[in-house]
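Enquirer: quick one: sequence and predicted model below, then my questions.
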Amino acid sequence: MNNRKGKLFVVAAPSGAGKSSLIQSILANFENIELSISATTRSPREGEVEGKHYFFVTEKEFNSLKEEDAFIECAIVHNYQYGTLHKYIDERLNKGINVICDIDVQGFKLIKKTGIDHISIFIIPPSIEELEKRLLTRGLDSENVIDTRLENAKEELRCAEEFDYRVLNDNFEQAYEEIVNIIINGKSPKNNDKINIKILRDMLS
Ligand code: 5GP
């Protein structure tokens with residue numbers, strides 16, 4: 001029996017900041033870290049697999065899960081419901097497996113409120129302009145959806161200072177190394193965070 005509990009990492013970022021690619025690299029290179037699979041009412045995109053990317057559920061199923069208290073947190077993101085499942089996380093943490101929650105800022109705030117032990121990381125995009133470019137070129141969303149996502153992104157950037165760590169993703173390798181440092185050593189080089197906070201404040205001014 002393994003008595004050591006796994007650690008919970010909460011990673012949030014505006015859509016298009018490169019969060020998914022960074023998380024996928026971490027998952028590919030570290031054995032003892034798994035991604036939390038959330039439930040969502042959003043329809044699967046091409047290539048997305050039930051139980052691997054999300055548990056895709058109807059509004060009715062999502063609301064039943066909510067009533068059963070199945071979620072650590074849940075929120076409406078870009079017009080759809082998303083929720084982190086207690087059972088999914090607890091099973092892994094109790095086995096000593098570390099878990100990454102890829103969630104939005106609302107979800108992070110709710111997890112913080114629960115008092116559950118966690119380490120939070122906010123991924124900062126290189127600039128608002130670059131974020132827009134990334135959203136347009138990945139071609140996943142319509143123009144309206146991109147506009148909503150950009151508005152939400154600015155709101156989310158304003159909350160970045162509430163996280164334990166901020167990582168600027170203007171260079172993938174560097175951002176990856178910074179996250180690895182946080183995961184393994186529980187810290188990022190002090191100056192990095194100071195610089196990242198300055199970049200963030202400039203971006204919002
Ligand atoms: P997407 O639809 O592009 O997969 O995800 C949209 C946003 O929802 C992303 O920012 C993602 O991190 C967030 N998200 C995914 N799962 C959850 C969840 O369980 N809870 C919350 N609050 N946000 C989530």
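Expert: Yes, it's here.

Enquirer: mind listing the strands for the chain?
Expert: Taking DSSP state E as the criterion, the chain contains strands spanning 8-12, 33-35, 39-40, 55-56, 71-77, 80-85, 98-102, 119-124, 165-168.

Enquirer: mind listing what's buried in stretch 133-147?
Expert: Using 16 or more other CB atoms under 10 Å as the test for burial, stretch 133-147 gives R134, L135, D141, I146. Bear in mind the C-beta positions are built from the backbone N, C-alpha and C, glycine included.

Enquirer: residues in this structure within reach of the ligand, list them.
Expert: With CB under 6 Å from any ligand atom as the criterion, the chain comes near the ligand at residues 15, 38, 42, 73, 75, 77-78, 82-84, 102-104, 106-107.

Enquirer: now with 8 Å?
Expert: 11-15, 19-20, 36, 38-40, 42, 45, 53-54, 71, 73-75, 77-78, 80, 82-85, 101-104, 106-108, 110, 140 (CB under 8 Å from any ligand atom).

Enquirer: roughly how far apart are the residue in the chain that the ligand sits nearest to and Q81?
Expert: Closest residue of the chain to the ligand, CB to the nearest ligand atom: G107 (2.5 Å). Applying CB to CB, to the nearest Å, the value for G107 to Q81 is 11 Å.

Enquirer: coming back round to it: turn the buried residues of stretch 133-147 into CSV, including pLDDT and distance to T114.
Expert: Shown next, in CSV, are these (pLDDT from 0 to 100; distance: CB to CB, whole Å):
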residue, pLDDT, distance to T114
R134, 81, 32
L135, 78, 31
D141, 70, 31
I146, 82, 32
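
Enquirer: in helices, which of those appear?
Expert: If you go by DSSP state H, the buried residues of stretch 133-147 have R134, L135, I146 in helices.

Enquirer: in TSV, list the buried residues of stretch 133-147 along with distance to R92.
Expert: Rendered in TSV, the data for the buried residues of stretch 133-147 read as follows (distance: CB to CB, whole Å):
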residue	distance to R92
R134	30
L135	31
D141	31
I146	34
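
Enquirer: farthest-apart pair in the residues you listed, please.
Expert: With CB to CB as the measure, no two of the buried residues of stretch 133-147 lie farther apart than R134 and D141, at 11.1 Å.
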